[in-house]
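Enquirer: Could you look at this predicted model? Sequence included:
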Protein chains: 2
Amino acid sequence: MSQQRHGSTPGEADGVPAFPDLPEATIARLPEYLRALHHLAETGAETVSSEGLAAAAGVNSAKLRKDLSHLGSYGTRGVGYDVALLVYQIEYILGLDKNRAVCLVGVGNLGHALAGYAGFASRGFRVVALFDADPKKVGEEINGLIVQHTDDLERIAAEESIAIGVIATPPGTAQAVADALIAAGVTSILNFAPGVLSVPPNVDVRKVDLAIELQILSFHEHRKASLTALPGGRAAAVAADAAPGKAAPGNAVPGNQEAVGS
Amino acid sequence: MSQQRHGSTPGEADGVPAFPDLPEATIARLPEYLRALHHLAETGAETVSSEGLAAAAGVNSAKLRKDLSHLGSYGTRGVGYDVALLVYQIEYILGLDKNRAVCLVGVGNLGHALAGYAGFASRGFRVVALFDADPKKVGEEINGLIVQHTDDLERIAAEESIAIGVIATPPGTAQAVADALIAAGVTSILNFAPGVLSVPPNVDVRKVDLAIELQILSFHEHRKASLTALPGGRAAAVAADAAPGKAAPGNAVPGNQEAVGS
DNA sequence: GTATGTGAAAAGCTTCACAGCG
DNA sequence: CGCTGTGAAGCTTTTCACATAC
């Protein structure tokens, strides 16, 4: 995450738009900005201020401006940002103009739902193959796709030039699936199976663990309860709404609400 | 996110174990440590070194030690950590001994899968109620629970003292559902619907957006491609494995793999 | 006048490296 | 001697506040 600068841009002075190296925290927020922008575009807005977009995305405006400044200067002082232009720029940076092929491994409870998840298709991702190790599931049709056996995963993933593999198998088989995906040339994996995947450094893994999310919330419940239940009673009230300037709209647990990843 | 200090600990000098205020980043990793510890316990290990546990959880050992040091000193120098003791301590801190009641709103594709997700039950969370606004779904039985109408959400959630509400509705109704949950006294929400929820400051929200995860991966695909495909060819190789010290095992996109929250 | 873009300060998090304990 | 616990250093991210441009 720090290859080329930009400004003292080495090489590539001509056609190719030098790839800016954005902070990870910024990258994780761009999709949320994009969603907010699409929403604004639907309501007919042509421009939006950093204040307005920040509110729609649930972040503060200084952060938003700094994030966008990393992409280049696409705002107009005294006016705001051009919605359509910004949509285009963010989609370009995120590589969403590429219509990437996704495959999904593990068609259990969760995998089944993911296979039918409209949010994927509506954002430039095509689910092109489904796999499962269970012979009973192989052959089943879900959302227009036939479930194939994981034995064929490596071959088919390579043939279809899959860009992103989604793992929704039980934990025990996740590593083997990841290995097969990687062997087929996949370099991005979204992992729903609990546990850590071991992958070479050029492969990006993102993990979503639903139980972990609940456990984090449980911690906060525990914390709130332990403050409220204090004997004496007065500490409860104090703690419950300390942080006076903080009564902002729409956020709470900080490392989240916008930007899951991280 | 910053109510009580600790150190100049007010009140509570006796029985109640003053609640340590852990860094958010640490909290987000505790569940992963816990999973790794359970796994170790199953294999019969009684103690584990920071090195060993760190590897199992996909973090580096210094980070792990610092995280655990926030809970207190539960390790033995020269030996390591007692697995059972550490499991107990982490479960206590996370409040997992409380068997919290969870309700799930929106039994569509994804909600249906979540209702049957074994990972919830196996971690001290009881799904006690399902809701949907669609009359066709009300009355349906999923995993032993009858789907109820969202009109009754507020009343039932209050009656059942729901601790955590999971929202898996379409984006348009998520805010209304959140409002109803909050009115019923729910102070923790896990939101799968795209978009930002507006909640009072005492309510914690965590968000999981599957499309955002894919978009972040798409960015990294785009970045990798733009480095590899550079004309001249040599810059490609250089960029592809810059960051020499980074060839670590089992991780990649940093803000993630362990600790989604983020 | 208004809102962006950005240096500089502050806060938060990670890594280092080693003192200290078992 | 090995491994934890932890100050201190280094890095990333957020926030502030204002010069700059429209």
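Expert: Perfect, I can see it now.

Enquirer: Assign residue A:215 to helix, strand or coil.
Expert: Here residue A:215 is helix, with the state taken from DSSP: H, G, I helix; E, B strand; the rest coil.

Enquirer: for residue A:169, same thing?
Expert: Residue A:169 - assigned by three-state DSSP - is coil.

Enquirer: Quickly note the distance from the nearest residue to it once chain neighbours are set aside to DNA strand C.
Expert: Closest residue to residue A:169 apart from its sequence neighbours, by C-beta to C-beta, 6 or more residues apart in numbering or on different chains: residue A:106 at 3.5 Å. In short, each C-beta sits where N, CA and C put it, glycine included. Counting by C-beta to the nearest atom of the strand, to the nearest Å, the gap from residue A:106 to DNA strand C is 29 Å.

Enquirer: Just give me the neighbour total for residue A:106.
Expert: Residues within reach of residue A:106, counting by other C-beta atoms under 10 Å in any protein chain shown, total 27.

Enquirer: and it, how far is that from DNA strand D?
Expert: Here the criterion is C-beta to the nearest atom of the strand. By it, residue A:106 lies 30 Å from DNA strand D.

Enquirer: Show the model's pLDDT score for that residue.
Expert: What the model reports as pLDDT for residue A:106 is 97.

Enquirer: My guess is it contacts residue A:171. True?
Expert: No. Residue A:106 is beyond contact range of residue A:171, at 10.7 Å (criterion: C-beta atoms under 8 Å).

Enquirer: shared neighbours of these two, anything?
Expert: Both residue A:106 and residue A:171 are in contact with residue A:193, where contact means C-beta atoms under 8 Å, 6 or more residues apart in numbering or on different chains.

Enquirer: what's the residue nearest to residue A:169 sitting at in phi/psi?
Expert: When read as degrees, to the nearest 10, the backbone of residue A:106 gives phi 100, psi 100.

Enquirer: Any figure for the gap between it and residue A:130?
Expert: Using C-beta to C-beta, to the nearest Å, residue A:106 is found at 9 Å from residue A:130.

Enquirer: Same question for residue A:200.
Expert: 25 Å.

Enquirer: what's the model's confidence in stretch A:185-205, averaged?
Expert: 97.

Enquirer: Could you see whether chain B lies near it?
Expert: Yes. Using C-beta under 8 Å from any C-beta of the partner chain, we find that stretch A:185-205 touches chain B at A:187-190, A:194-199, A:201-205.

Enquirer: Please identify which of the residues you listed is nearest to DNA strand C.
Expert: Closest to DNA strand C out of the residues of stretch A:185-205 next to chain B is residue A:201 (13.6 Å), distances taken as C-beta to the nearest atom of the strand.

Enquirer: Burial check on the closest one, number of neighbours?
Expert: If you count neighbours by other C-beta under 10 Å, residue A:201 ends up with 15.

Enquirer: tell me the SS of it?
Expert: coil.

Enquirer: do you know how far it is from residue B:224?
Expert: Using C-beta to C-beta, residue A:201 is found at 11 Å from residue B:224.

Enquirer: How about residue A:121?
Expert: According to C-beta to C-beta, residue A:121 stands 24 Å off from residue B:224.

Enquirer: Neighbour count for the two, which is higher?
Expert: Taking neighbours as other C-beta under 10 Å, residue A:121 and residue B:224 compare with residue B:224 leading, 19 against 14.

Enquirer: Is the more buried one in contact with residue A:187, as I believe?
Expert: Yes. Counting by C-beta under 8 Å, residue B:224 touches residue A:187, with 6.3 Å between them.

Enquirer: what residues do those two have in common as contacts?
Expert: With C-beta under 8 Å, 6+ apart, residue B:224 and residue A:187 have common neighbours residue A:202.

Enquirer: about what we covered before: the more surrounded of residue A:200 and residue A:130?
Expert: Set residue A:200 next to residue A:130 and count neighbours by other C-beta under 10 Å: residue A:130 wins out with 25 against 11.

Enquirer: which residues does that one form a beta bridge with?
Expert: According to DSSP bridges, the partner residues bridging residue A:130 are residue A:104, residue A:147.

Enquirer: Show the backbone phi and psi for residue A:80.
Expert: Per-residue torsions, residue A:80: phi 140, psi -160 (degrees, to the nearest 10).

Enquirer: Could you give the number of residues near it?
Expert: The local packing of residue A:80 (other C-beta under 10 Å) involves 18 other residues.

Enquirer: And it, how far from chain B?
Expert: From residue A:80 over to chain B the distance is 19 Å, taken as C-beta to the nearest C-beta, to the nearest Å.

Enquirer: now residue A:63
Expert: 14 Å.
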